[in-house]
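Enquirer: I would like the atomic coordinates for the input below:
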Amino acid sequence: MKIKRRSQHDQAGHASALNDILFILLLFFLIISTLANPNVVKLSIPKAKSDTKAKQTVVVSINDKQEFFVGTTSVPEDSLKPWISRAIAKSQDAEPTVVINADKQATADNIVAVMRAAHDLNLRTVLAVENNHR
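Expert: Reported below is the predicted structural model:
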């Protein structure tokens, strides 16, 4: 009587397809993680229930030609401080405020120049922006 031996088969499955699937999933998650904007700084910004408006003691405007105006008078940049102090003296407000109306083309340097002049005079500054939610 001849007993036939069974041939030994490898019981482990082929893992090559599993490697391909894992590689594709890894690439998918890497691409998705870079698309989720990594440069976002999360801030908790306060929300207002109503529009808060500062009393406009002095309005300093900067047009697209980088020219300064205190009220409606054209003023050179180096004499902003004296013109602002004169306008504050005329108004005689208890809490004077400088409102900056800047054109979209106005540079940050010019806006900061107005803010420095107001800071040197111990005045509060407000940058006027357009209200988009209306």
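
Enquirer: what does the model give residue 41 for pLDDT?
Expert: pLDDT for residue 41: 46.

Enquirer: Helix or strand: which one has the residue nearest to residue 105 when sequence neighbours are not counted?
Expert: Excluding the flanking residues, the one nearest residue 105 by CB to CB, 6 or more residues apart in numbering is residue 64, at 4.0 Å. Any C-beta I mention is one placed from the backbone N, CA and C, and that applies to glycine too. Counting by DSSP states H and E, there is no helix or strand that carries residue 64.

Enquirer: you'd agree residue 64 is up against residue 102?
Expert: No - at 9.6 Å, residue 64 does not count as touching residue 102 under the criterion of CB atoms under 8 Å.

Enquirer: Same drill for the two, tell me which one is more crowded.
Expert: Comparing residue 64 with residue 102 by other CB atoms under 10 Å, the one with more neighbours is residue 102, at 20 against 10.

Enquirer: Now do the helix or strand harbouring residue 28, average pLDDT.
Expert: Assessed by DSSP H and E, residue 28 sits inside helix 16-35. For helix 16-35, mean pLDDT is 84.
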